[in-house]
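Visitor: just the structure for this:
(one chain, ligands or ions: 2)
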Amino acid sequence: MIPRIYIPADSGALALGAEKVARAIEKELKERGVEAKIVRNGSRGAYFLEPMVEVATAEGRVAYGPVKPSDVKSLFDSGFLKGGHHKRWLGAPDKIPFLAKQTRLTFARCGVIDPLSLDSYKSHGGLKGLENAVAMAPADIVSQVTESGLRGRGGAGFPTGIKWKTVLDTAGDRKYIVCNADEGDSATFADRMIMEGDPFVLIEGMAIAGIATGATKGFVYIRSEYPHAVATMNKAVAIARKAGVLGVNVLGSPNAFDMEIRVGAGAYVCGEETSLLNSLEGKRGVVRAKPPLPAIQGLFGKPTVINNVISLASVPIIMDKGAAYYKDFGMGRSRGTIPIQIAGNVKHGGLFETAFGLTLGEIVDEIGGGTASGRPVKAVQVGGPLGAYFPRALFDTPFDYEAFAAKDGLIGHAGLTVFDDTADMMKQARFAMEFCAIESCGKCTPCRIGSTRGVEVLDKVAAGIEAEKNLALVTDLCNTMKFGSLCALGGFTPYPVMSSITHFPEDFKPAPARVAAE
Ligand SMILES: Cc1cc2nc3c(=O)[nH]c(=O)nc-3n(C[C@H](O)[C@H](O)[C@H](O)COP(=O)(O)O)c2cc1C
Ligand code: SF4
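Guide: Ligands and ions are numbered 1, 2, ... in the order given. Predicted structure coming up:
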């Protein structure tokens with residue numbers, strides 16, 4: 001049997017040098033006259049071990065990482081094609097603690113299969129959900145998704161089945177499925193990882209959504225910073241179309257569904273669903289007032305499902321294994337699994353899919369391994385730039401939508417940015433206001449004007465100018481933004497600002513030393 005070598009072509013792995021490693025391995029194979037098949041897989045998400053190269057042996061796959069081009073010769077000398085020992089040897093990938101502790105439902109194939117091999121997808125359980133769906137009535141598919149407890153993974157945690165039911169129940173000569181792959185939150189990369197590592201799961205999820213709601217056309221709106229995801233998705237759509245997974249008769253059924261990939265406009269606010277619809281229609285990415293809901297009047301005024309990549313990619317397993325199977329994972333009203341993305345100043349950065357319910361402390365300290373700098377963890381921002389900063393005192397908070405909301409935080413798209421004790425929370429609060437000022441679409445006053453005033457007032461606090469009075473003003477301004485903004489960009493910016501002030505008051509004290517130093 002010709003040896004198989006798996007080298008990730010995922011952008012995270014490429015950023016860490018996977019392409020150079022691939023070239024060095026190709027060169028070495030040639031020089032040694034050894035035949036081997038190189039598969040460019042996605043990443044398994046343990047980025048602290050990337051580039052992670054795997055070889056298929058008679059005993060299963062053996063991983064090596066992080067591999068540098070300079071390791072390649074000695075890897076061959078150590079007999080790595082047969083799983084031989086080497087300083088980069090990691091053993092069976094599923095036994096690596098970071099991966100072994102996960103519950104992979106949505107990401108089960110990511111990093112395992114050849115992303116563009118439909119056969120490989122099928123032999124690992126792919127298309128079973130769609131096969132079941134084409135044999136069901138739309139209302140039954142919607143019930144199954146509702147019953148599973150799946151909630152939107154894009155940020156708001158809205159029940160996916162209820163959104164689909166609205167579209168199913170709304171009459172329309174045309175309906176659309178729009179996949180939100182703008183993934184603008186800091187510390188997030190789950191959407192990108194799955195689009196690059198297992199694109200057919202998203203295509204399958206979108207086709208199921210189409211059949212469930214009567215939509216015949218889908219669009220994936222991918223941020224422009226994701227060229228590899230765009231390329232992989234385009235190729236995967238063409239393969240799926242040729243194989244009859246997409247088209248006028250999905251899997252030979254009377255259901256029609258096709259889709260297109262669109263590249264985003266490069267604004268954070270274009271991830272907000274109505275702004276995204278405007279952008280897809282070729283207009284400026286400005287937020288639309290709701291109602292009407294996109295489910296009633298969405299893309300081109302037609303009933304539209306807008307879901308995040310992970311929400312849609314979680315549907316195939318629900319339709320394959322059933323709602324009860326998926327619902328069995330999780331806690332409270334947060335059912336199933338969530339791909340937590342651990343980033344920032346952290347030792348073991350990467351994607352960790354697990355059932356809801358782990359505490360923040362378990363995620364940061366045990367799975368993330370603490371900070372990369374080795375200094376104490378000071379704060380963790382959860383949920384992207386609009387998420388709250390959590391201090392160690394709140395590390396017992398379980399990863400659950402309601403538990404986070406009860407602590408004035410949010411899960412968002414499940415990205416975590418870890419900070420050590422050198423972080424200045426006043427600067428972080430200012431950064432949140434500044435980010436809002438830069439990214440604001442300008443449609444409503446509390447966000448457009450409030451964020452700019454917020455930066456100015458925080459600068460006064462930093463300069464020690466009537467600090468107490470100005471801090472009270474920031475709080476007042478945050479309330480206005482929270483309750484008066486049209487969308488969550490202005491409405492949630494108060495979360496990082498107020499959590500910084502509440503949990504780290506010492507960083508907002510007048511600091512003559514700091515002023516003098518600056
Ligand atoms: C400023 C802003 C940016 C957003 N960015 C994203 C994004 O990048 N990806 C995403 O899926 N949802 C994003 N959302 C949430 C979407 O508006 C919407 O709730 C989501 O796409 C719905 O899909 P879901 O129900 O599957 O989560 C954003 C919201 C706001 C207010
Ligand atoms: S809150 Fe900001 S981004 Fe949202 S509609 Fe208002 S101005 Fe636009």
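
Visitor: and the residue nearest the centre of the chain, how far from residue 420?
Guide: With distances taken as CA atoms, centre = their mean, residue 190 lies nearest the centre of the chain, 3.1 Å away. Going from residue 190 to residue 420 by CB to CB, to the nearest Å gives 24 Å. To be clear about C-beta, it is placed using only N, CA and C from the backbone, and glycine gets the same treatment.

Visitor: would the lengthiest strand in the chain count as contacting ligand 1?
Guide: Ranked by residue count under DSSP state E, the longest strand found in the chain is strand 337-344. No. Contact of strand 337-344 with ligand 1 (CB under 6 Å from any ligand atom) is absent, the minimum separation being 11.8 Å.

Visitor: and that strand, C-alpha only, in CSV?
Guide: Once non-C-alpha atoms are left out, strand 337-344 reads as follows in CSV (Å, rounded to 0.1, in the frame of the first residue of the first chain):
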residue,chain,number,x,y,z
THR,A,337,-22.1,21.0,21.4
ILE,A,338,-20.3,24.3,20.8
PRO,A,339,-16.9,24.8,19.1
ILE,A,340,-15.1,27.0,21.6
GLN,A,341,-12.2,28.9,20.0
ILE,A,342,-9.4,29.7,22.4
ALA,A,343,-7.0,32.5,21.4
GLY,A,344,-5.1,35.5,22.6
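
Visitor: packing partners for that strand?
Guide: With contacts taken as 3 or more CB pairs under 8 Å, 6 or more residues apart in numbering; DSSP states H and E, strand 337-344 sits against helix 190-197, strand 350-355, strand 415-420.

Visitor: who does it pair with, and is each partner parallel or antiparallel?
Guide: As defined by DSSP bridges, the strand partners of strand 337-344 come to strand 350-355 (antiparallel), strand 415-420 (parallel).

Visitor: mind checking the helices and strands packed on strand 337-344 for the one nearest to residue 29?
Guide: helix 190-197 (23.9 Å; CB to CB).

Visitor: what's the following helix or strand after the closest one?
Guide: Downstream of helix 190-197, the next assigned helix or strand under DSSP states H and E is helix 199-213.

Visitor: what about the following helix or strand past that following helix and ligand 1, any contact?
Guide: Next in sequence after helix 199-213, counting helices and strands by DSSP H and E, comes strand 217-222. No. Judged by CB under 6 Å from any ligand atom, strand 217-222 stays clear of ligand 1, getting no closer than 8.9 Å.

Visitor: who does strand 217-222 pair up with?
Guide: Partners of strand 217-222 in its sheet, by DSSP bridges: strand 176-181 (parallel), strand 258-263 (parallel).

Visitor: show me what from the stretch 151-300 of the chain comes close to ligand 2.
Guide: 269, 287.

Visitor: show me where the stretch 251-400 of the chain has its strands.
Guide: Assigned by DSSP state E, counting those that start in this stretch, the strands in the stretch 251-400 of the chain fall at 258-263, 304-308, 330-331, 334-335, 337-344, 350-355, 377-382, 389-391.

Visitor: would you turn the ones you listed into CSV with mean pLDDT?
Guide: Conversion of those to CSV gives the following (pLDDT from 0 to 100):
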stretch, mean pLDDT
strand 258-263, 98
strand 304-308, 98
strand 330-331, 96
strand 334-335, 98
strand 337-344, 98
strand 350-355, 98
strand 377-382, 98
strand 389-391, 98
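
Visitor: JSON lines for those strands, including mean neighbour count and distance to residue 271?
Guide: Formatted as JSON lines, the strands of the stretch 251-400 of the chain follow (neighbours: other CB atoms under 10 Å; distance: least, CB to CB, whole Å):
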{"stretch": "strand 258-263", "mean neighbour count": "18", "distance to residue 271": "13"}
{"stretch": "strand 304-308", "mean neighbour count": "27", "distance to residue 271": "9"}
{"stretch": "strand 330-331", "mean neighbour count": "18", "distance to residue 271": "25"}
{"stretch": "strand 334-335", "mean neighbour count": "22", "distance to residue 271": "22"}
{"stretch": "strand 337-344", "mean neighbour count": "25", "distance to residue 271": "15"}
{"stretch": "strand 350-355", "mean neighbour count": "24", "distance to residue 271": "19"}
{"stretch": "strand 377-382", "mean neighbour count": "26", "distance to residue 271": "17"}
{"stretch": "strand 389-391", "mean neighbour count": "23", "distance to residue 271": "21"}
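
Visitor: could you redo the ones you listed as a markdown table and give each row distance to residue 42?
Guide: A markdown table is the format used below for the strands of the stretch 251-400 of the chain (distance: least, CB to CB, whole Å):
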| stretch | distance to residue 42 |
| --- | --- |
| strand 258-263 | 17 |
| strand 304-308 | 18 |
| strand 330-331 | 25 |
| strand 334-335 | 26 |
| strand 337-344 | 13 |
| strand 350-355 | 11 |
| strand 377-382 | 25 |
| strand 389-391 | 30 |
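
Visitor: nearest to residue 71, out of these?
Guide: Short answer: strand 350-355, nearest of these by CB to CB, at 20.5 Å.

Visitor: for the closest one, which outside residues touch it?
Guide: 45-48, 98, 101-107, 189-190, 193, 329-331, 336-342, 363, 367, 399 (CB atoms under 8 Å, 6 or more residues apart in numbering).

Visitor: give the pairing partners of the helix or strand containing residue 5; include direction for each.
Guide: Per DSSP H and E, residue 5 falls inside strand 4-6. Using DSSP bridges, the strands paired with strand 4-6 are strand 37-39 (parallel), strand 53-57 (antiparallel).

Visitor: so which of those strands is the most packed in?
Guide: Of those, the one with the most neighbours on average (mean count of other CB atoms under 10 Å) is strand 53-57, at a mean of 22.

Visitor: please report how far residue 273 lies from ligand 1.
Guide: Separation of residue 273 from ligand 1 (CB to the nearest ligand atom, to the nearest Å) stands at 4 Å.

Visitor: residue contacts, that residue?
Guide: 178, 180, 294, 306.

Visitor: picking up where we left off before, beyond the strand holding residue 5, next helix or strand please.
Guide: Taking DSSP H and E, what comes next after strand 4-6 is helix 11-15.

Visitor: what helices or strands is that next one leaning on?
Guide: Using 3+ CB pairs under 8 Å, 6+ apart, helix 11-15 sits against helix 190-197, helix 227-242.

Visitor: again, 10 Å this time
Guide: Identification of packing neighbours for helix 11-15 by 3 or more CB pairs under 10 Å, 6 or more residues apart in numbering; DSSP states H and E yields helix 18-32, helix 190-197, helix 227-242.

Visitor: out of the ones you listed, indicate the one that is most buried.
Guide: The most buried one of these (mean count of other CB under 10 Å) is helix 190-197, showing a mean of 29.

Visitor: for the stretch 251-400 of the chain, which residue gets nearest to ligand 1?
Guide: Closest contact between the stretch 251-400 of the chain and ligand 1, by CB to the nearest ligand atom, is at residue 271 (2.2 Å).

Visitor: contact partners for that residue?
Guide: 154-155, 180-185, 221, 223, 264, 279, 285, 308, 384, 413, 439, 489 (CB atoms under 10 Å, 6 or more residues apart in numbering).

Visitor: and if you look at residue 269?
Guide: Counting by CB under 10 Å, 6+ apart, residue 269 has contacts 182, 184, 275-276, 278-279, 285-287, 436, 439-443, 447, 487-489.

Visitor: now swap in residue 7 and tell me
Guide: 13, 18-19, 21-23, 25-26, 38-41, 51-54, 67.

Visitor: one more time with 6 Å, if that's ok
Guide: 18, 22, 53 (CB atoms under 6 Å, 6 or more residues apart in numbering).

Visitor: equivalent analysis for residue 472, please.
Guide: Counted by CB under 6 Å, 6+ apart, residue 472 has zero contacts.

Visitor: 10 Å - rerun?
Guide: With CB under 10 Å, 6+ apart, residue 472 has these contacts: 457, 466.

Visitor: now do the one 10 residues further on
Guide: If a contact means CB under 10 Å, 6+ apart, then residue 482 has 446, 450, 488, 490-495, 497-498 as its contacts.
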